[in-house]
Each structure stands twice: as structure tokens, then as C-alpha cells.
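Chemist: Requesting a structural model of the entry that follows:
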Amino acid sequence: MKNVAVVGCGAYMDSGYGCPGEWRCLKAAALGEGKFDEASSVILFVKCECPGRTLVPNMGMAMKLSEIKPDAIYLSSCLANAKPDCPYSSAEEMAKMLESKTGITVVMGTHDYH
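Modeler: Residues are numbered from 1 along each chain as shown. The predicted structure is shown next:
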């Protein structure tokens, strides 16, 4: 079983834009559905807060505190497919920053649930 981290869009999660939080991401990970190629254990769930400046340091702190390095980082579907787009950074830019700072592969999206 893979250990994974998930990054959710705080604006979507807090504003009720169809993403109530992590339950869909957790379900997809547990069942190995959507973007997860196998059942996975979510060891970290980090919320990206506007304007996103704290995302990389928060991921680093979460990894340090959990003492478990994830095998992959998943940008939640609400973050990777945000409509309207994030006004501060694209999901691709966030993925690039996370990969360069952590050395961990970032996957775009978590699930296809509606």
C-alpha cells in the first residue's frame, strides 16, 4: 500500500463549491479509484490557503511532523480542476514547486466523483 499526501483547495473546501472537504479524496485513495492506481493510505492532508505562499512550507512541516515520507503527492480534483482557476497560481505551477522542493512526484487530481 502506498503512503500519499493530498493537497486540497482551501477556498473550495471552505466556500461550499461542491467540495465538502476530504471525503471524496479519502474514499478514492482507500479504494484505489480515480487517479489512485492502488489502495493508498493518506498520511497527510494539507489545505492550500490563498494566495498559496505557505503550501510548500506547510507540506514540509506536515512531512516532518508525520515522520512518514509520502510516495506521491496528489493535488485534489477540486484544486487541479478548479473552475474558476486559482487567481494566484496554476495547478501545474504548484505541482512543479512541490516536486522541486520535496523530490516527490505530484499527481494532478484524485477522483472523478460528481
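Chemist: partners of the residue lying closest to residue 105 once chain neighbours are set aside in the sheet?
Modeler: Nearest non-adjacent residue to residue 105, counting by Cβ to Cβ, 6 or more residues apart in numbering: residue 72, 5.1 Å away. (C-beta placed from N, C-alpha, C; glycine too.) Under DSSP bridges, the beta-bridge partners of residue 72 are residue 4.
Chemist: Residue 72 is in contact with residue 107, isn't it?
Modeler: Yes. Here residue 72 reaches residue 107: they are 5.6 Å apart, a contact under Cβ atoms under 8 Å.
Chemist: so who does the nearest residue to residue 51 once chain neighbours are set aside touch?
Modeler: On the basis of Cβ to Cβ, 6+ apart, the spatially nearest residue to residue 51 that is not a chain neighbour turns out to be residue 88, at 4.1 Å. The contact partners of residue 88, by Cβ atoms under 8 Å, 6 or more residues apart in numbering, come to 50-52.
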